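[1] structural data only, the sequence is not supplied:
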């Protein structure tokens with residue numbers, strides 16, 4: 001009789017544990033997302049690296065990314081473009097295409113380009129939704145990043161290991 005009570009007690013504990021597990025899993029605040037974020041766009045942007053701000057025009061279409069720096073004045077007109085595995089850098093009348101990356105592969109800008117180019121294959125999790133903006137967490141090339149989005153538009157990408165971010169300001 002004691003063995004039957006112990007077995008019933010263990011089954012009840014097991015069922016309660018499974019029930020709690022499934023409830024937590026169902027209502028967890030960190031969920032995988034099927035949200036479609038627009039990764040092809042043109043926008044004004046502010047890049048913040050090493051506590052310095054760089055204003056630019058930013059575009060990403062069909063695997064081609066282009067950054068046209070506007071401020072500070074000392075770099076105005078510097079254009080960096082990634083296309084077909086090559087980088088092109090131009091400034092005023094000078095233009096040079098590089099077979100190998102001129103900008104280090106592990107740099108903040110290259111990581112942003114890689115994230116946008118590979119976005120559909122990166123696992124991201126929604127970590128916050130305040131009804132207006134959503135925040136997603138992902139990892140690429142061993143670097144964690146956060147994406148803040150509003151109505152499927154990427155508003156900001158922050159890469160923790162670089163302590164750097166790019167904020168997008170869409171033209172209306």
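    Great, that's in hand. Since this is a predicted model, take the numbers as computed values, not measurements.

[2] in this structure, which spans are strands?
    31-32, 41-49, 52-61, 64-71, 78-83, 86-91, 94-98, 124-129, 134-140, 143-150, 153-159, 164-169 (DSSP state E).

[3] who's in contact with residue 45?
    With contact taken as CB atoms under 8 Å, 6 or more residues apart in numbering, residue 45 is in contact with 55, 56, 57, 58, 67, 166, 167, 168, 169. Quick note: C-beta positions are derived from backbone N, CA and C, even for glycine.

[4] for it, list each beta-bridge partner.
    residue 56, residue 168 (DSSP bridges).

[5] buried ones in stretch 86-105, by neighbour count?
    Neighbour-count burial for stretch 86-105, counted by 16 or more other CB atoms under 10 Å, picks out residue 87.

[6] pLDDT score for the residue nearest to the spatial centre of the chain?
    In the chain, the centroid-proximal residue (CA atoms, centre = their mean) is residue 147; its distance is 4.3 Å. Looking at residue 147, its pLDDT reads 97.

[7] how many neighbouring residues does the residue nearest to it when sequence neighbours are not counted have?
    Nearest residue to residue 147 in three dimensions, chain neighbours excluded: residue 136, at 4.6 Å (CB to CB, 6 or more residues apart in numbering). Residues lying near residue 136 (other CB atoms under 10 Å) number 21.

[8] isn't residue 136 up against residue 125?
    Yes. Using CB atoms under 8 Å, residue 136 makes contact with residue 125 at a distance of 6.5 Å.

[9] residue 46 and residue 57: what is the separation?
    11 Å (CB to CB, to the nearest Å).

[10] mind showing which ranges of this structure have poor pLDDT?
    5, 9-11, 13-35, 172 (pLDDT under 70).

[11] give the buried residues for stretch 40-60.
    Buried residues in stretch 40-60 (16+ other CB under 10 Å): 43, 45, 46, 47, 48, 49, 54, 55, 56, 58, 59, 60.

[12] scratch that, stretch 139-149 is what I was asking about
    Going by 16+ other CB under 10 Å, stretch 139-149 has these buried residues: 140, 143, 145, 146, 147, 148, 149.

[13] which of the residues you listed sits closest to residue 4?
    Taking CB to CB as the measure, residue 4 lies nearest residue 146 of the buried residues of stretch 139-149, at 53.5 Å.
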